[in-house]
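1. Next comes the sequence, and after it the predicted model I'd like to discuss.
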Amino acid sequence: MTTLFIKNMVCNRCITVVQNELDKLGIVPKSVKLGEVIVENELLEGQKSLLGKNLVPLGFELIDDKKSRIIEGIKNVIIDLVHYQDNDVKSNLSDILSEKLNHDYNYLSNLFSEVEGTTIEKYFIAQKIEKVKELLVYDELSLSEIAIRLNYSSVAYLSNQFKKVTGLTPSHFKQVREDKRLPLDKV
């Protein structure tokens, strides 16, 4: 069994794009999920390098070193938690990351800060703010409902954090509607 780690897989569409590239090369995966492809058999000579070459123009990259895999794992857990879970999780982010990545949180935190130049907490907040932007643009939920969905303790706390990150209040953000959202891999 071979596990491939792929950088910048941040959404279900990314999974589909990578799956299509695997299909083109005749690689049959056991599973494809954010940042990871598990292949039942060993890859044939040149398949891995060809896959890597084909993924680059699509915005992806095969990851070979351990530190990069861990960093990508942290990002994928956070993105999944913020953007794809119903966010009824009541555990601490540190506990979730330690459990899913099988490393002590202090190690994960120090590694992330060293490599990314920001903290896990700031990355988590940036992802949450991007989700708030998305939900504000869709205009289907009130700010109170958004605060509840993203586990903010209050609307005031969400608003303060939103303003600190974006420079705008959520209501002002809804009014300007330009250059509002970033792709998840650019956060």
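-> Ah, there it is.
2. and Leu143, how many residues sit next to it?
-> A count of nearby residues for Leu143, using other C-beta atoms under 10 Å, gives 20. Just so you know, the C-beta spots here come from the backbone N, C-alpha and C atoms, and that holds for glycine as well.
3. For it, list the residues it contacts.
-> By C-beta atoms under 8 Å, 6 or more residues apart in numbering, Leu143 lies in contact with 136, 155, 158-159, 170-171.
4. Can you pull the phi and psi angles for the closest residue to Asp80 other than its chain neighbours?
-> Nearest residue to Asp80, sequence neighbours excluded (C-beta to C-beta, 6 or more residues apart in numbering): Leu34, at 6.0 Å. With angles defined as degrees, to the nearest 10, Leu34 sits at phi -50, psi 120.
5. Now stretch 152-160: buried residues?
-> Of the residues in stretch 152-160, those with enough neighbours to count as buried (16 or more other C-beta atoms under 10 Å) are 152, 155, 158-159.
6. where's the dip in pLDDT among the residues you listed?
-> Ranked by pLDDT, the buried residues of stretch 152-160 bottom out at Tyr152 (90).
7. Next up, identify which helix or strand that residue is on.
-> Using DSSP states H and E, Tyr152 sits within no helix or strand.
8. same check, this time on Leu97
-> Taking DSSP H and E as the criterion, Leu97 maps to helix 93-101.
9. Would you mind measuring from Ser159 to Arg69?
-> Distance of Ser159 to Arg69, computed by C-beta to C-beta, to the nearest Å: 36 Å.
10. Low-confidence ranges, the chain, go.
-> Where the chain drops to pLDDT under 70, the residues are 86-90, 177-182, 184-187.
11. And the residue nearest the centre of it?
-> Nearest residue to the geometric centre of the chain (C-alpha atoms, centre = their mean): Ile79, 2.9 Å.
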